[in-house]
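Chemist: Output the structure for:
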Amino acid sequence: MTILIPILWIKTIKKMTSVNVFALMAILFALTTVVFYDFVYIKEDLYEEREIKYFDPINFPVFFGIAVLNFEGNPNSLNI
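Modeler: Purely as a prediction, here's the structure:
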C-alpha cells in the first residue's frame, strides 16, 4: 500500500508512460514465451494423450477464479 501512495501524487499521466511501456513489453515477452513453448511441445509431441473432460466438478471453482481474475484488471487499466 505504501508503494501506491507516490503514484497518487502524480498530476499528469505523461509521467507514467515509461512504466506503461515496460508493462507492455513484459506482457509481450510473456505471450511470446508461451507461444514459443506451445510450438516446441507441439513439434516434439510432448503433450500427453489424455481424455478431454467437458465438465469436471472438481476443477469447477478454478474456472470461476480464472474468469474473475481475467475480468478484474480491465476496469483498473482503463482508468489509468
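Chemist: quick one, strands of this structure?
Modeler: Read by DSSP state E, the chain holds no strands at all.
Chemist: Look up phi and psi at the residue in it sticking out farthest from the centre.
Modeler: Of all residues in the chain, Lys11 has its C-alpha farthest from the mean position, at 27.9 Å, by C-alpha atoms, centre = their mean. Dihedral angles of Lys11 (phi, psi; degrees, to the nearest 10) stand at phi -90, psi -40.
Chemist: State the distance from it to Glu44.
Modeler: Note on Lys11: its distance to Glu44, by C-beta to C-beta, to the nearest Å, is 53 Å. C-beta: built from backbone N, CA, C; applies to glycine.
Chemist: same check, this time on Leu24
Modeler: 31 Å.
Chemist: Need the CA coordinates for stretch 55-71. PDB is fine.
Modeler: Only the C-alpha atoms of stretch 55-71 are listed here, as PDB (Å, rounded to 0.1, in the frame of the first residue of the first chain):
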ATOM      1  CA  PHE A  55     -17.200 -30.900 -17.400                       C
ATOM      2  CA  ASP A  56     -15.100 -31.600 -14.300                       C
ATOM      3  CA  PRO A  57     -16.800 -30.700 -11.000                       C
ATOM      4  CA  ILE A  58     -13.500 -30.800  -9.100                       C
ATOM      5  CA  ASN A  59     -12.000 -28.000 -11.200                       C
ATOM      6  CA  PHE A  60     -15.200 -26.000 -11.500                       C
ATOM      7  CA  PRO A  61     -14.200 -23.400  -8.800                       C
ATOM      8  CA  VAL A  62     -10.900 -22.900 -10.600                       C
ATOM      9  CA  PHE A  63     -12.800 -21.900 -13.700                       C
ATOM     10  CA  PHE A  64     -14.600 -19.100 -11.800                       C
ATOM     11  CA  GLY A  65     -11.400 -18.000 -10.200                       C
ATOM     12  CA  ILE A  66      -9.700 -17.700 -13.600                       C
ATOM     13  CA  ALA A  67     -12.700 -15.900 -15.100                       C
ATOM     14  CA  VAL A  68     -12.900 -13.300 -12.200                       C
ATOM     15  CA  LEU A  69      -9.100 -12.800 -12.500                       C
ATOM     16  CA  ASN A  70      -9.300 -12.100 -16.200                       C
ATOM     17  CA  PHE A  71     -12.100  -9.600 -15.900                       C
END
